[in-house]
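Novice: after the sequence you'll find the predicted model.
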Amino acid sequence: MLDTRKIEEIAKNITSALPSYLIAIREDIEKYIHTALTATFDRLDLVTREEFDIQTQVMHRIREKLEELERVIAELEH
């Protein structure tokens with residue numbers, strides 16, 4: 001799930017670009033955009049940067065272990 005602060009920031013950026021005659025309904029538009037963005041990002045099944053970095057580290061360790069096992073097997077075969 002994406003950080004809700006980021007979603008709020010995106011919604012505010014979008015609404016800040018609204019023409020002046022829409023300022024009166026700015027809050028409603030911002031809430032609608034926030035809801036739409038949240039729903040869209042939830043459907044995308046995104047991960048946070050922290051989760052991605054952790055999984056990258058795990059995969060790196062797995063790769064190192066696999067390479068070591070391949071070396072051991074190659075030595076045993078000879």
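Specialist: Received it, and whenever you're ready, just let me know what you need.
Novice: what's the separation between residue 3 and residue 11?
Specialist: Between residue 3 and residue 11 the computed distance is 13 Å (C-beta to C-beta, to the nearest Å). Bear in mind the C-beta positions are built from the backbone N, C-alpha and C, glycine included.
Novice: neighbours of the residue nearest to residue 47 when sequence neighbours are not counted, how many?
Specialist: Taking C-beta to C-beta, 6 or more residues apart in numbering, and ignoring the residues beside it in sequence, residue 47 has residue 55 as its nearest neighbour in space, at 7.8 Å. For residue 55, the number of neighbouring residues by other C-beta atoms under 10 Å comes to 11.
Novice: average pLDDT across the helix or strand encompassing residue 55?
Specialist: With elements taken from DSSP states H and E, the one containing residue 55 is helix 49-77. pLDDT averaged over helix 49-77 equals 95, rounded to a whole number.
Novice: same question, stretch 31-46
Specialist: Per-residue pLDDT over stretch 31-46 has a mean of 84.
Novice: pull out the buried residues from that stretch.
Specialist: Under the neighbour-count criterion of 16 or more other C-beta atoms under 10 Å, stretch 31-46 has 33-34, 37-38, 41 buried.
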